[in-house]
Structure formats: C-alpha cells, structure tokens
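[1] Show me the folded form of this:
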Amino acid sequence: MTDDLDAPDLDSLGAALRTPPAPGAESRAATLRLAMENFDRLQGSSAALRPSQDRPSRAGLWMGVKTMLTNLNLRPSLVATTSVAALCLGVVILLPPGALNFGNQPGVIGDAAAVQDHPLASLPKPEGPADLAAGPVPQTLAEAQVPEQDALAPLVRREAVRDDVTVAAPPPAAAAAAKRDALGQGTVQDYGAVAADEARDTEAPLAEGYLAETGDTEAPLAEGYLAETDTTRAQPEMASGVAPAPVDGVAAPPEPNTEAFANTDANPVKVTAEEPVSTFSIDVDTASYAVIRQSLSMGTLPPPEAVRIEEMVNYSPYAYPAPKGDAPFATSVSVMPTPWNEGTRLVRIGLQGALPAIADRPALNLVFLIDTSGSMDEPNKLPLLKQSIALALSELRPEDQVAVVAYAGSAGEVLPPTAAGDRDTILGALDNLSAGGSTAGAEGIELAYQVAARMAGDGEVSRVLLATDGDFNVGLSDPAGLEAYVARQRETGIYLSVLGFGRGNLDDAVMQSLAQNGNGTAAYIDTLSEARKVLVDQLTGMLFPIADDVKIQVEWNPAAVAEYRLIGYETRALAREDFNNDRVDAGEIGAGHQVTAIYEVTAPGSAALRNDPLRYGTVSATDAAPSEIGFLRLRYKAPGSDTSTLIETPITGTEPATDEARFAAAVAGFGQLLQGSTYLGDWGWDDAIALALSGRGEDAFGYRAEAINLMRLAKSLDR
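    Residues are numbered from 1 along each chain as shown. Model (predicted):
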C-alpha cells in the first residue's frame with residue numbers, strides 16, 4: 001500500500017502524526033476516547049459479508065492485497081492509511097480538521113510544504129468553496145492546534161454548500177446532542193454530521209473529529225467525509241412556509257401554524273328596553289364557509305374563531321324575490337319558531353341585488369396581484385391559483401383588459417395590460433410564475449394600484465384582485481397601515497377583492513381587513529369547484545357593485561320583543577349613530593348578490609327570557625304600533641354617489657316561513673355548534689341535519705347537499 005509514496009513522503013507523514021494535540025488532561029482524555037471510537041467505527045464495511053463458499057481456491061494474502069488495491073477508493077483509503085500508520089507508530093491521535101492538507105484541498109491529508117510535488121497534490125479541486133470555515137485554512141500543525149475545551153464538544157453548525165450538498169447548521173449544543181441520540185449516533189442527518197457506525201450505501205462515514213468545535217473558529221469540513229447522495233443531503237434553509245423534505249427517513253419538524261382569523265365574541269342577548277336598535281354593515285364574503293369545509297375535509301374541526309356565521313349563511317343561494325323597477329335590491333322578511341329554543345322566534349331578513357344584463361356592463365380593467373412568495377409553493381396555492389385565473393378568463397369580454405403583477409421579496413409587472421381575448425399570452429405569463437422568496441405584499445399592492453390607474457378609461461371599471469395565502473412579512477405589513485392605504489385608494493374608484501389560498505399561515509384577519517377597506521369581497525378557494533363558483537358564477541357580483549355602503553338597522557318594539565340577539569355579523573357591527581352618517585364606510589352589494597341576516601327574538605313574559613326584569617320598571621312602549629314587532633331600515637349609496645338613500649320596511653311578525661328560512665336557520669345552527677355556542681341548549685347535530693333536509697328545497701348546484709354532508713362529517717368528528 002506504500003508503492004505510490006516514496007521515503008521522504010512517509011517521513012513527512014510520520015513527523016506530522018507524531019505532533020501531539022493541545023495539552024490538557026480533559027482534552028487528552030476526550031481526544032483519546034474519540035479516536036478509539038473512530039478507530040472502532042472504521043473497522044466496519046459498507047459491503048455485505050462475502051460468503052465463504054465462493055472463496056477462490058488460490059486465495060491468499062497477496063491475492064487479497066491485489067483485490068483490495070484494485071477496488072480501493074481514494075478517500076476511504078486515506079482514512080485507512082492514516083489509521084495503519086498511527087498503529088505502526090504506536091500512537092492513536094485524533095487530527096484537527098484541515099491541519100494536514102495538500103494545497104488546501106479538503107479531504108487530502110498531509111503536509112503541504114513536504115509533499116506539494118506528490119501526485120495527490122495535482123488532483124483537480126472540487127467545485128465549491130475549498131474551505132468551509134471562517135478564516136484562512138491552517139497550513140501547519142502548529143497553526144491548527146485544538147484549544148482546551150470540554151470533553152465531547154458538540155458538533156459545529158455551518159451553513160455551507162458544495163455542489164448540490166448543503167450542510168445546514170444544527171441547533172445549540174444540547175439540542176444537537178438530543179437530535180443525535182434520537183436519530184442514532186453516527187449518521188449524516190439534518191442536524192449535523194457524526195461518525196457512522198457502519199458505512200451504508202446512502203451514508204458515508206464521517207469521523208467526529210473532522211467537524212468539531214475549535215474555540216470560536218469553525219473547522220473546515222473535509223469533503224471526502226460527506227457522501228454526495230440524494231438521501232444524505234443535509235436540510236437546506238427552508239423558504240417561508242415551505243416544509244422541507246424528509247432526510248434519510250426522518251421528517252423535519254413542521255412549520256408552526258401562524259393562521260389568524262378575523263372574529264370576535266358572539267353577539268350577546270340584548271334587552272330591548274335598554275337597547276332597542278341594532279345596526280350593522282352587510283357582508284357578502286364567503287371565506288369562512290370554505291375554510292370550514294377545508295378543515296372538515298381534512299378530518300379536523302375548524303378552530304372556533306374561523307367560524308363566521310353570516311358567511312356560512314350567505315354561501316348558498318336563496319330564492320329571494322328580485323327587485324322591481326330601477327331599485328338596486330329588494331328586501332324580504334320571514335318569521336318562524338326558533339328550532340333550538342321553544343320560547344323564541346327567528347326573524348330572517350333577506351336582500352336580493354339586481355342583475356343587470358351582461359351586455360350592459362362597462363369595460364373591465366382587471367389587475368391580478370399574485371403572491372409568488374416561497375409560502376405559495378404548495379399544490380393548493382400557486383398551482384390552484386393559476387388554474388382559477390384561467391377559469392375567470394372565460395367570463396371576460398374581448399374589450400376587457402388583464403394585467404398581472406407578482407410579488408415575492410419585490411414586486412414586478414409580469415404582464416402589461418393585455419386584451420382579455422389574447423388568452424394564450426395571458427396563460428403564458430401565468431405559466432412562467434414560480435414561488436420563492438419572502439412576501440413583499442405592501443409593495444405589490446402599491447404597484448397593482450398604479451397599473452390599474454394606468455389602465456383606467458372613461459366609463460370603465462378598474463379592479464385589483466389579490467390572490468395570496470395572506471402571509472405578508474416584508475414592507476408595510478401592519479394591518480392598520482394597509483387598511484389606511486387601501487381605504488385611500490378606494491376613493492379613486494379602484495376596489496380591491498381578496499382570494500385566499502392554502503392553510504397553515506393563512507392570515508384571514510389581514511385579508512378580511514383589506515377586502516373590507518378596499519370596498520371588495522373576500523373569498524377562500526380550496527378547490528377548483530370553489531374557484532368556478534367565485535370566479536365564474538359570481539364574478540360579475542364581485543367586480544360590479546350596484547350599491548355601496550349598505551347598512552341595516554332594526555328597531556325592535558319593546559311591547560312585542562323583550563330581548564333579541566343578532567346571529568353573526570360580529571365584525572360588522574356599527575354604532576347607532578353611524579347609520580345616518582354617510583362618511584362611515586360599510587359593505588357593498590354586487591350585481592346579483594344576496595344578503596341574509598337572522599335575529600333571535602323573545603317576547604315579553606316568555607319563559608325563554610334570559611334577563612330579569614328591572615326593579616324600577618321598563619321604558620313605556622304605549623306608542624308602538626301593536627301590529628309591528630320591529631322596523632327595518634336600509635341605507636345605501638349608488639356607486640360613485642356621496643349621498644345615501646333610505647328604504648324602510650315594517651316587520652309584522654306574521655311573515656310566513658319558507659324553505660329558504662328553514663335552511664338558513666339550519667346553517668346558522670351549524671355555525672353555532674362549531675363555535676360551541678351556549679345558546680343552543682340540547683339542540684345538536686341530528687337536529688341541524690334534519691332541519692336542513694326539511695328546508696333543502698331546490699338545489700340546482702348542490703350547495704345545500706354539500707352543507708348537509710359537512711354537518712354529518714362534523715358530527716362524526718365531534719366526539
């Protein structure tokens with residue numbers, strides 16, 4: 001085995017090996033213990049044991065030597081020769097990394113000054129950094145002495161890339177040691193590299209001494225000790241929201257769930273004599289229903305804060321009467337006994353928006369603002385987003401224009417304003433999008449508004465449609481700042497709607513805030529079917545409002561209603577005085593949109609009353625009309641107008657219940673069950689399912705059947 005080395009080379013190697021490590025009892029003990037462990041580990045073989053029955057008859061010592069030299073691999077041989085030389089000298093020493101190095105070539109052991117002319121020194125240098133440590137590579141043993149340190153020093157973490165191999169830095173020493181114990185000592189894993197008990201097909205042996213702490217200086221990693229195999233790569237740094245692939249069968253820890261939902265405590269029961277007026281802004285968003293469906297489909301109940309009952313109730317279409325004449329919408333009311341509370345009644349209020357002829361709508365300038373950050377690199381995010389936009393193109397007319405702005409770290413205009421009829425160009429721009437980087441959401445929003453303003457023409461409608469998982473982490477990311485900016489932009493007539501994709505880091509709170517302040521709507525897309533519902537069936541309603549700042553106010557007659565409770569709309573509550581203040585923003589109704597609200601009311605003297613009567617009496621209701629239980633008022637603005645219009649409708653309490661009212665009540669009960677409401681008593685899943693079945697009625701698109709199936713699924717999961 002020494003044929004390739006002349007006597008001077010061996011003398012140099014021997015001199016190097018005789019150089020002792022740094023003094024110190026603890027260091028010597030640790031070094032000796034590690035060296036012996038390394039020696040024991042290096043006795044193994046990655047190959048299976050050779051059967052004795054196929055041993056050649058002429059086999060012998062020299063035949064074995066010849067076979068070994070024939071199959072010898074350079075890098076393992078260096079380890080073997082070092083060990084043999086150490087045994088011959090009667091010394092077992094753990095060498096500090098990089099101390100013996102031919103011309104700074106990692107993985108080659110020797111003294112550069114003594115053997116620079118040796119054939120090994122002429123080997124080509126590998127690609128990538130030759131030295132992975134901070135500072136210059138030590139050229140002599142004196143320069144590379146290991147300082148005094150604790151025994152069994154933890155492995156060093158180093159961020160270094162060689163070809164396609166990434167050596168990721170491990171956690172602190174205690175966590176690294178625990179990780180090594182959990183994974184099994186001696187395997188190349190995602191939290192550092194330790195010596196192998198046996199060299200396997202997918203893991204190369206790594207002597208512990210070649211990746212040890214040397215004070216404040218991190219030792220270089222000898223390339224020869226990290227196998228370049230697909231199954232042994234250390235974990236690369238994860239992009240935001242992207243779960244890393246398992247390494248050698250050990251899954252990386254999952255990304256923390258950072259979801260945030262816009263909700264608050266359920267509306268309480270109010271005493272009519274004390275607070276007879278209820279005021280809120282309408283809401284046509286449906287994001288909460290889709291999030292609930294996605295959670296249940298994955299086999300888990302949704303978090304209670306993700307449940308917004310008004311969005312669940314408004315998800316399914318209802319057969320409400322259409323408005324007459326030039327009115328933008330029509331109102332309808334029904335009253336029925338409360339299914340979960342025998343002593344109360346449910347008052348359902350419905351609004352139906354007008355649906356102008358498609359041919360009469362103005363030209364549309366649509367800017368798709370697409371999140372391409374690293375967190376979007378999942379099948380139900382960016383790929384589904386591209387498919388969803390492709391569906392929406394079928395609803396646009398040739399004279400409409402489409403632009404695409406993408407953002408991830410920084411924002412850019414991917415597609416300049418392009419005629420909607422040029423489908424191939426638009427789809428080509430979408431196909432070129434890929435996920436990566438952080439999320440400069442604010443910068444993207446600013447650029448999208450600039451592009452939309454540039455596209456605007458007389459009589460045309462310009463809209464920004466933001467598609468994201470809501471993970472804003474770069475730039476103006478605080479909700480208050482974004483709200484203020486978007487609110488200013490809506491005054492220009494450019495509205496913003498938001499589409500949510502994916503789970504795990506879904507910032508529903510920010511998305512809801514942006515949509516509400518941008519005079520748009522918020523939806524969550526978890527399937528291609530949902531994309532068709534939002535971007536095909538309801539695209540006109542999303543992009544073309546027929547009434548702005550729509551507010552509802554109900555005054556209850558204390559002579560007929562002692563208590564009431566609004567079910568849902570907690571995040572849309574308004575002060576009583578806001579109703580007549582045209583400067584206060586409220587929700588919009590788009591073309592063909594519907595809105596449903598449900599109150600639970602309790603008559604005076606009912607056994608279902610939750611509040612004791614006041615000691616000193618109640619407000620007199622002698623002037624109230626005996627034929628009314630309440631009075632409904634609506635305010636809205638025509639698009640572009642600064643002055644609101646008032647509509648008033650009495651509630652008699654005799655309005656008949658319909659299938660629409662029963663199904664809406666069932667969905668409202670479904671939402672309260674998911675929230676764990678205290679207002680339902682013993683009413684449960686079977687009751688909700690039975691009520692929904694009784695009010696299913698006509699269900700052309702299967703939305704009601706889906707809701708019933710979700711109730712059944714929730715019942716199974718709620719154990």
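[2] from here on, contacts and neighbour counts on C-alpha atoms
    Noted.
[3] so residue 555 touches residue 278, yeah?
    Yes - with contact defined as C-alpha atoms under 8 Å, residue 555 reaches residue 278; the gap is 6.5 Å.
[4] Show me the shaky parts of this structure.
    Applying pLDDT under 70 to the chain flags the ranges 1-25, 27-28, 31, 38-257, 409-410, 438-441, 471-479, 617-626.
[5] what packs against the longest strand anywhere in it?
    Longest strand in the chain, counting residues (DSSP state E): strand 545-556. When contacts are defined as 3 or more C-alpha pairs under 8 Å, 6 or more residues apart in numbering; DSSP states H and E, strand 545-556 packs onto strand 277-281, strand 587-590, strand 630-637.
[6] Kindly calculate the angle that that strand makes with strand 277-281.
    For strand 545-556 against strand 277-281, the angle by axes from the mean of the first three to the mean of the last three C-alpha atoms, to 10 degrees is 160 degrees.
[7] Following the chain onward from strand 545-556, which element is next?
    Per DSSP states H and E, the first helix or strand lying C-terminal to strand 545-556 is strand 563-567.
[8] what angle do that following strand and strand 545-556 make?
    Using the same axes, to 10 degrees: strand 563-567 against strand 545-556 is 160 degrees.
[9] List of residues touching strand 563-567?
    With contacts defined as C-alpha atoms under 8 Å, 6 or more residues apart in numbering, strand 563-567 is touched by 266-272, 309-310, 597-604, 609, 668.
[10] what lines up beside it in the sheet?
    According to DSSP bridges, strand 563-567 has the following sheet partners: strand 270-271 (antiparallel), strand 594-602 (antiparallel).
[11] mind listing what's buried in it?
    Residues of strand 563-567 classed as buried: 563-567 (neighbour count, 16 or more other C-alpha atoms under 10 Å).
[12] so which of the residues you listed would you say is closest to residue 533?
    Comparing those against residue 533 with C-alpha to C-alpha places residue 567 closest, at 25.3 Å.
[13] Do a quick rundown of the strands in the stretch 201-350 of the chain.
    213-214, 217-218, 270-271, 277-281, 329-337, 344-353 (DSSP state E, counting those that start in this stretch).
[14] What is the subsequent helix or strand relative to the longest one?
    Counting by DSSP H and E, the element after strand 344-353 in chain order, helix or strand, is strand 364-371.
[15] What strands line up against that next one, and which way round?
    Each strand that pairs with strand 364-371, with its direction, by DSSP bridges: strand 401-408 (parallel), strand 461-468 (parallel).
[16] Dump those strands into a markdown table; add distance to residue 663 as well.
    Shown next, in a markdown table, are those (distance: least, C-alpha to C-alpha, whole Å):
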| stretch | distance to residue 663 |
| --- | --- |
| strand 401-408 | 39 |
| strand 461-468 | 31 |
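[17] Can you tell me what sits against stretch 629-636?
    With C-alpha under 8 Å, 6+ apart as the test, stretch 629-636 has contacts from 547-561, 579-580, 644-653.
[18] can I assume residue 497 is in contact with residue 465?
    Yes - between residue 497 and residue 465 there is a contact at 5.1 Å, judged by C-alpha under 8 Å.
[19] SS state for residue 480?
    helix (DSSP: H, G, I helix; E, B strand; the rest coil).
[20] quick one, what contacts the residue nearest to residue 697 when sequence neighbours are not counted?
    Spatial nearest neighbour of residue 697, excluding adjacent residues (C-alpha to C-alpha, 6 or more residues apart in numbering): residue 659 at 6.1 Å. Contact partners of residue 659, counting by C-alpha under 8 Å, 6+ apart, are 694-697.
[21] what about residue 659, distance to residue 319?
    From residue 659 across to residue 319, the span is 9 Å (C-alpha to C-alpha, to the nearest Å).
[22] cool, residue 365 as well?
    32 Å.
[23] More neighbours: those two, which one.
    Counted by other C-alpha atoms under 10 Å, residue 365 and residue 319 do not tie: residue 365 has more neighbours, with 29 against 13.
[24] Surely that one and residue 453 touch.
    No - counting by C-alpha under 8 Å, residue 365 stays clear of residue 453, with 9.3 Å between them.
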